[in-house]
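S.K.: Give me a 3D structure for the following:
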Amino acid sequence: MYADRGSFYKYDAYGTLKTVYGTYYNVVRMFSSEADTITVDYGFGTFQAVSYYFTYTWMQPGSTTPLFTIMEARIFSQDINIKNSSMTAAVLFEPPAIATSVTHSSPGIALTVTPNPASDLIMIDFADLESGMYEVTVLNTDGTLQHTEKFYAAKGSVHPVNISAYSNGMYVLHLNTPAGMGSKKFVKI
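M.R.: Numbering: from 1, shown residues only. The predicted model follows:
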């Protein structure tokens, strides 16, 4: 007996996926097909069967856990008739728990973000922070990176972050400062 295997993978769709757990944006769909050929030599002839697996998997970029998967398996043989040789299964994965409260903040960092809630721009106030290089990152509640930026800010200045393209909801802004890191929640409306 010996087996031969062939595989094919491609990303064939991109968009929004709605499930009972929520709506997911920027989702990619990966199509994969695999074929296994099994040949059995039983002394006075051979028997050959081919099994095919077709899988569609929806994932968020950067994630290792799929959101949703559909798989179809089929078995074919030219030698015999195989009844009920097809099966389809669908799996909806429950998303992991997410943190909606951030309490980590370095001592002495008074981070002010206004307005909150906001619709177009938020302003990071550097009135209480020293002049220097800063890095800001914005994450949604799924932990997906929405924005990252490095910049110089002078003491007493304000720095705008454009949030107009974000979906409505809660976000967390992290600011890496020379003195440590500060975090602030804000709401996009």
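S.K.: Now do the strands in the protein.
M.R.: 2-19, 22-41, 46-59, 68-76, 86-92, 112-114, 121-125, 132-140, 145-153, 158-162, 169-177, 180-188 (DSSP state E).
S.K.: Other residues contacting the fifth one?
M.R.: When contacts are taken as CB atoms under 8 Å, 6 or more residues apart in numbering, the neighbours of strand 86-92 outside the stretch itself are 19-21, 66-75. C-beta here means a position set from N, CA and C on the backbone, and glycine is covered the same way.
S.K.: Neighbour-wise, give me the winner out of the residues you listed.
M.R.: residue 67 (21 neighbours; other CB atoms under 10 Å).
S.K.: shouldn't that residue be in contact with residue 56?
M.R.: No - counting by CB atoms under 8 Å, residue 67 stays clear of residue 56, with 11.4 Å between them.
S.K.: Report the central residue of the chain.
M.R.: residue 60 (2.7 Å; CA atoms, centre = their mean).
S.K.: Enumerate every residue touching that one.
M.R.: 24, 26, 27, 28, 67, 142, 144.
S.K.: run the last query once more with 6 Å
M.R.: Counting by CB atoms under 6 Å, 6 or more residues apart in numbering, residue 60 touches residue 27.
S.K.: ok, it to residue 90 distance?
M.R.: Per CB to CB, to the nearest Å, residue 60 is found 18 Å from residue 90.
S.K.: next one: stretch 163-173 to chain centre, how far?
M.R.: 16 Å (CA atoms, centre = their mean, to the nearest Å).
S.K.: Quick one: neighbours of residue 173, just the number.
M.R.: 23.
S.K.: Test my guess that it contacts residue 138.
M.R.: Yes - the pair residue 173 / residue 138 is scored as a contact, 5.3 Å apart, by CB atoms under 6 Å.
S.K.: Give the bridge partners for residue 19, please.
M.R.: When assigned by DSSP bridges, residue 19 has beta-bridge partners residue 22.
S.K.: what do you get for residue 188?
M.R.: Counting by DSSP bridges, the residues bridging with residue 188 are residue 118, residue 169.
S.K.: helices and strands of this protein: which one bottoms out on pLDDT?
M.R.: Scoring the helices and strands of the chain by mean pLDDT, DSSP states H and E places strand 86-92 at the bottom, with a mean of 73.
S.K.: Note down every partner strand of that one and its orientation.
M.R.: Sheet pairing for strand 86-92, using DSSP bridges, gives strand 68-76 (antiparallel).
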